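[1] I'll drop the sequence and a predicted model, then ask my questions.
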Amino acid sequence: MGKRRSATEAAAVRARLKAEFVSSLSSPGTALEDMPLSSTDRCQWRCSAEGCGHQWPARLQFRTRTVNLGVP
């Protein structure tokens, strides 16, 4: 079981993802703000790099995971 995020951490994750979120493929019409960060919904994402435009599908839960590199 993973560690729970604080409200501040969750807000920071949502702000980062908002720039790349296009739509929910599993629940069309559902906004990012209406999904829990642990959602297994597949979503469409767009690269936020200027001029890129690359899009890809990925589950929301996989975009919100943090990687522990063992660094204190």
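    Yep, that arrived.

[2] show me the contacts for residue 38.
    Residues in contact with residue 38 (CB atoms under 8 Å, 6 or more residues apart in numbering) are 60, 61, 64. C-beta: built from backbone N, CA, C; applies to glycine.

[3] er, residue 56 actually
    So residue 56 contacts 44, 45 (CB under 8 Å, 6+ apart).

[4] Is it correct that it falls within a strand?
    Yes. Judged by DSSP: H, G, I helix; E, B strand; the rest coil, residue 56 forms part of a strand.

[5] close enough to count as contact, residue 17 and residue 62?
    No. With contact defined as CB atoms under 8 Å, residue 17 does not reach residue 62; the gap is 11.3 Å.

[6] Show me which of the two is the more surrounded one.
    Between residue 17 and residue 62, counting by other CB atoms under 10 Å, residue 17 is the more crowded of the two (17 against 10).

[7] Doesn't that one lie inside a strand?
    No. Counting by three-state DSSP, residue 17 is not found in a strand; it is helix.

[8] Can you name the residues that contact it?
    By CB under 8 Å, 6+ apart, the contact set of residue 17 is 32, 60, 63, 64.

[9] List just the nearest of the contacts of residue 38 to residue 22.
    Nearest to residue 22 among the contacts of residue 38 is residue 60, at 12.1 Å by CB to CB.
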